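1. Sequence and predicted model, in that order:
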Amino acid sequence: MFPHQRVIVRRGPESGLPIIVAVHSTARGPAIGGCRMAAYPDWRDGLDDALRLSAAMTTKCALAGLPHGGGKTVIVLPPGAAGPARTAALHDAGTTIEELAGAYATGPDVGTGPDDMAVIGERTEHVFCRPAEAGGSGDSSPATAAGTIAALRALCEFRFGSPDLSRRSFAVLGLGRVGARVARLLADAGAELTVSDIDDSKRPENVAWTDPGKCLAAEVDVLVPAALGGLLTPRTVPTLRCRAIAGPANNQLDRESTAALLHDRGIVWAPDAVVSAGGIIHATAVELRHEPPARAMARVEAIGDTLGRVLRAAATDGIPPAEAATRLARAAMP
Ligand SMILES: NC(=O)c1ccc[n+]([C@@H]2O[C@H](COP(=O)([O-])OP(=O)(O)OC[C@H]3O[C@@H](n4cnc5c(N)ncnc54)[C@H](O)[C@@H]3O)[C@@H](O)[C@H]2O)c1
């Protein structure tokens, strides 16, 4: 069965670029999910990403207890594109989302940020995380980072018997908007830290720096994937020397079965659908339910409780946490 509720693939009338909007499910409520703007070898690769990421958003919303389903927008840039058609492409995405009449709303993702959401907002109201002056809740990465820290505490409690981050070592892979914040929060908590990014200009002062390959295989308590997805594969899992993994990067496993490889190696993998939900939890609380900031942040902190539940269910049933998360998400579907 084709699992998606609706998928629009079109050549953007203003930009001429491939615009893809995938609505995976509205069973729990209107679909939500970010707008990715990236270069792909072929538009079909962008379609694959939209299908995969929108399905993951359904799981993310269900596990976070949000009254929403999953969706995703992908704007396919030609390989090597500098993006002169950026505004036109964002307008095309907005026009396409507007046609869905509220069945789906978008927000920032890889390659887009709050200012881009303001541009999409020139074509549709169904957009999150515009800058505050444009009526939105702004950058989602602080909340995503806060949720990641809550998840790391829960993971450490489960795996090492204490939520105290200062007693553990971490390798943060990717120092973008979320990863740099997570690294700073870990450093502030007194954790032992190694960091990496393909972009040397992201190198912070006074923190151990290594190249991305070495970071992935670092001998640490916890690996924190904060770059792009797909880094955990049958080829990379045997090279890992960490004892647990939790990070904000979406879709870290190249395929579902890789979760079993991690499990067999005794590496506890915290499902990214749980860990990375802080941004969307915060944005929906503030923008849709108009909750005060403290209430919204308390919801983000609850990611630690959700992850603890997933890890304990997995341990009880002797299954990988990924499988436990899938079961819990299915049980949360109407
Ligand atoms: N921003 C959010 O609120 C949010 C919410 C949920 C999930 N996520 C996910 O978290 C991840 C990071 O998001 P972001 O907003 O910080 O993105 P970003 O684009 O700001 O940062 C990504 C960073 O990763 C680096 N990078 C790319 N490939 C790399 C590689 N192979 N090795 C090492 N570093 C590499 C980039 O140079 C960049 O610094 C993404 O997977 C995103 O989908 C982000």
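-> Nice, I can see it.
2. alpha carbons only for contacts and neighbour counts from here, please
-> Fine.
3. all strands for the protein, in order.
-> In the chain, the segments counted as strands under DSSP state E are 6-11, 18-23, 31-32, 35-39, 69-77, 104-105, 169-173, 192-196, 208-209, 222-225, 244-245, 268-269.
4. need the ones you listed in JSON lines with mean pLDDT, can you?
-> Output for these, formatted as JSON lines (pLDDT from 0 to 100):
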{"stretch": "strand 6-11", "mean pLDDT": "98"}
{"stretch": "strand 18-23", "mean pLDDT": "98"}
{"stretch": "strand 31-32", "mean pLDDT": "98"}
{"stretch": "strand 35-39", "mean pLDDT": "94"}
{"stretch": "strand 69-77", "mean pLDDT": "97"}
{"stretch": "strand 104-105", "mean pLDDT": "98"}
{"stretch": "strand 169-173", "mean pLDDT": "98"}
{"stretch": "strand 192-196", "mean pLDDT": "98"}
{"stretch": "strand 208-209", "mean pLDDT": "96"}
{"stretch": "strand 222-225", "mean pLDDT": "98"}
{"stretch": "strand 244-245", "mean pLDDT": "98"}
{"stretch": "strand 268-269", "mean pLDDT": "98"}
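5. Adding distance to M117, write those out as CSV.
-> Putting the strands of the chain into CSV (distance: least, CA to CA, whole Å) gives the following:
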stretch, distance to M117
strand 6-11, 19
strand 18-23, 15
strand 31-32, 14
strand 35-39, 9
strand 69-77, 12
strand 104-105, 11
strand 169-173, 26
strand 192-196, 28
strand 208-209, 33
strand 222-225, 25
strand 244-245, 31
strand 268-269, 32
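6. I'd like the ones you listed laid out as a markdown table, including distance to the ligand and mean neighbour count.
-> Shown next, in a markdown table, are the strands of the chain (distance: least, CA to the nearest ligand atom, whole Å; neighbours: other CA atoms under 10 Å):
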| stretch | distance to the ligand | mean neighbour count |
| --- | --- | --- |
| strand 6-11 | 20 | 15 |
| strand 18-23 | 16 | 28 |
| strand 31-32 | 12 | 29 |
| strand 35-39 | 8 | 23 |
| strand 69-77 | 11 | 29 |
| strand 104-105 | 15 | 27 |
| strand 169-173 | 5 | 26 |
| strand 192-196 | 6 | 23 |
| strand 208-209 | 11 | 16 |
| strand 222-225 | 8 | 26 |
| strand 244-245 | 14 | 22 |
| strand 268-269 | 16 | 24 |
